[in-house]
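K.L.:
The following block contains a protein sequence and its predicted model.
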Amino acid sequence: MTTLSSARPLPSAEEIALARESGRALSAYLQTHAETQQIEIFDDKGAAHPVCVPVSALRLLVDVLTEIGEGNAVSIIPIHAELTTQEAADVLNVSRPFLVQLLERGEIPFHKVGTHRRVRYQDVIAYKERIDADRNKALDALAEQAQGLKMGYE
């Protein structure tokens, strides 16, 4: 189920409105202590079919509907998924050659399938979290320095 594409169509105005309404309706049922919820799906003849859904899946569905309701395209990637170098570069919003340099320097683990590099999604996310934390530390240090120099930042 690993399908990433940078050309995801944005939701239409109708989809955005429906996602907002559906997300609000579903979120009311997430406050339960039950592990599952039963929902009904109607077929094209109007017949109801009950479906038992884990509450964790409903939470994920509400998150997806929230994103669509804000006009965003959404991709779902399993944590254990293996990505191509282009897919991993797209997740990090960097070029593929830059990502390959990161791989070759050992900053992100990878393995080869034949001659092709594969990167685990969770390794890409771990790298992203690591560099984001480093950036935040640097910004905090700069802000502290600016305040110490009384540069007008309070």
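P.N.:
All right, it came through fine.
K.L.:
How is this protein partitioned into domains?
P.N.:
For the chain, the structural domains run 13-69, 82-148, going by automatic domain parsing.
K.L.:
Next, format those as JSON lines and append mean neighbour count and mean pLDDT.
P.N.:
C-betas here are computed from N, CA, C, even on glycine. Converted to JSON lines, these look like this (neighbours: other CB atoms under 10 Å; pLDDT from 0 to 100):
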{"stretch": "domain 13-69", "mean neighbour count": "13", "mean pLDDT": "91"}
{"stretch": "domain 82-148", "mean neighbour count": "14", "mean pLDDT": "94"}
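K.L.:
Just put those in CSV and tack on distance to residue 75.
P.N.:
Shown next, in CSV, are the domains of the chain (distance: least, CB to CB, whole Å):
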stretch, distance to residue 75
domain 13-69, 10
domain 82-148, 9
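K.L.:
Which stretch among those domains approaches residue 76 most closely?
P.N.:
domain 13-69 (7.3 Å; CB to CB).
K.L.:
Next, report how far the closest one is displaced from the centre of its chain.
P.N.:
Centroid separation between domain 13-69 and its chain, computed with CA atoms, centre = their mean, to the nearest Å, is 19 Å.
K.L.:
Quick one: end-to-end length of that domain, please.
P.N.:
Counting by CA to CA, to the nearest Å, you get 9 Å between the two ends of domain 13-69.
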